[in-house]
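**Student:** My questions concern the predicted model and sequence given below.
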Amino acid sequence: MSKTLLRELCFRWVERRGGFWIRSIFVPFTRLDVYVSLGFRVAGENIDLGNNNIDCQTRTIFHSTNVSVDMIYDELIKRANGSKQCSIDEFCRLYILLGLSEFLLPNRSGRVFLGLFKIIDNIQCLHRYDWGGVVYDYLVGSLCCASMSITNKGNSNYFCIVGCVYLLQMWALEHVLFAKTKGQSRCAKFPQILFWKDVKFPDSGVASTLQKNLVPLTKEELHQEVVKEALKEPCSGKKGKTKKIRELAEIVKENEALSRALDHQAAVIGTLEKVVSRLEEVLAEKENQEKGEPNLSNENHVHKD
């Protein structure tokens, strides 16, 4: 994992909007990115990582209050070399627990979240849970803390991000950085980790690449109408590499201005609707009064006669 890339992303993280400022462009980082990158669903039952319910089968494998990733490795090795007997179901539960604790939900202490044990007991029901959501929330929470630490302390050499940090690298490669290397061509795979796991990420030149606002485009994408509209000139196969990307910052500003104008118009329309509603009420009250009260001018006229 590129520490330089993590540092640059921390600098550019915008907590209130949930994304990154890449030069003058805001690029969101959402739960959908977890689904596309890792293939985990972003809906289902919530996962409480802090649930300390020890009344579960997987938890009884360990004889310690706190279970670490190293302890899971030890148990797996014992079962793999035959020194300890176990069922296939038990081995699978330990293997899945290791993947969750080592890759998706790691922390600095290397401890396993107690809330995972109860869920792992029934591996046939793992599909019911919101794995993408918990991976996203855990990573974003750590990203917010790291970004605040770098911004406030001004020391970019010491920061810590826990969670699936490889997800951030895949996101950057897919959305921002040029991913093509010598002898490699970009292809569509789902989830995206099937492609990016074999791509070596160069640690040098990350900051300058982010500042140049580079966007990776395949030949197929260059021929899409939406992409063509974002380019200054219509792209062609031979000149595709020399085409300059349109200033997306101007598009963002225009969209934000239109959004503000729409919000203002909606507010004005809402106010006018209230005024019209009030006028209708006043008119109805006046009509009711005229129907219920006698005409004083006619009474006075009859009295004089």
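**Tutor:** Sure thing, it's come through.

**Student:** Check the secondary structure at the nearest residue to L139 once chain neighbours are set aside for me.
**Tutor:** Closest residue to L139 apart from its sequence neighbours, by CB to CB, 6 or more residues apart in numbering: G163 at 3.4 Å. For glycine as for every other residue, the C-beta is placed from the backbone atoms N, C-alpha and C. Secondary structure state of G163, per DSSP: H, G, I helix; E, B strand; the rest coil, is coil.

**Student:** how much space between G163 and S277?
**Tutor:** 51 Å (CB to CB, to the nearest Å).

**Student:** more neighbours, those two?
**Tutor:** G163 (22 against 10; other CB atoms under 10 Å).

**Student:** my read: the more buried one touches F103, true?
**Tutor:** No. Counting by CB atoms under 8 Å, G163 stays clear of F103, with 9.9 Å between them.

**Student:** Around the closest residue to F62 other than its chain neighbours, count how many other residues there are.
**Tutor:** Nearest residue to F62 in three dimensions, chain neighbours excluded: M71, at 5.9 Å (CB to CB, 6+ apart). When neighbours are defined as other CB under 10 Å, M71 has 17 of them.

**Student:** next one: F40
**Tutor:** Residues near F40, counting by other CB under 10 Å: 21.

**Student:** State the mean pLDDT of stretch 97-112.
**Tutor:** What stretch 97-112 shows for mean pLDDT is 92.

**Student:** Name the helix or strand for the residue nearest to F62, please.
**Tutor:** helix 69-80 (DSSP states H and E).

**Student:** what is the mean pLDDT for that helix?
**Tutor:** Computed over helix 69-80, the average pLDDT equals 91.

**Student:** Break the protein down into its structural domains.
**Tutor:** For the chain, automatic domain parsing gives the domain ranges 45-129, 248-304.

**Student:** Out of those, which is closest to E174?
**Tutor:** domain 248-304 (16.7 Å; CB to CB).

**Student:** does the residue nearest to D33 when sequence neighbours are not counted sit in a helix or strand, and which one?
**Tutor:** The spatial neighbour of D33 that comes closest, neighbours along the chain excluded (CB to CB, 6+ apart), is W171 at 5.4 Å. Using DSSP H and E, the element containing W171 is helix 165-175.

**Student:** got it, and T65?
**Tutor:** Counting by DSSP H and E, T65 is found in no helix or strand.
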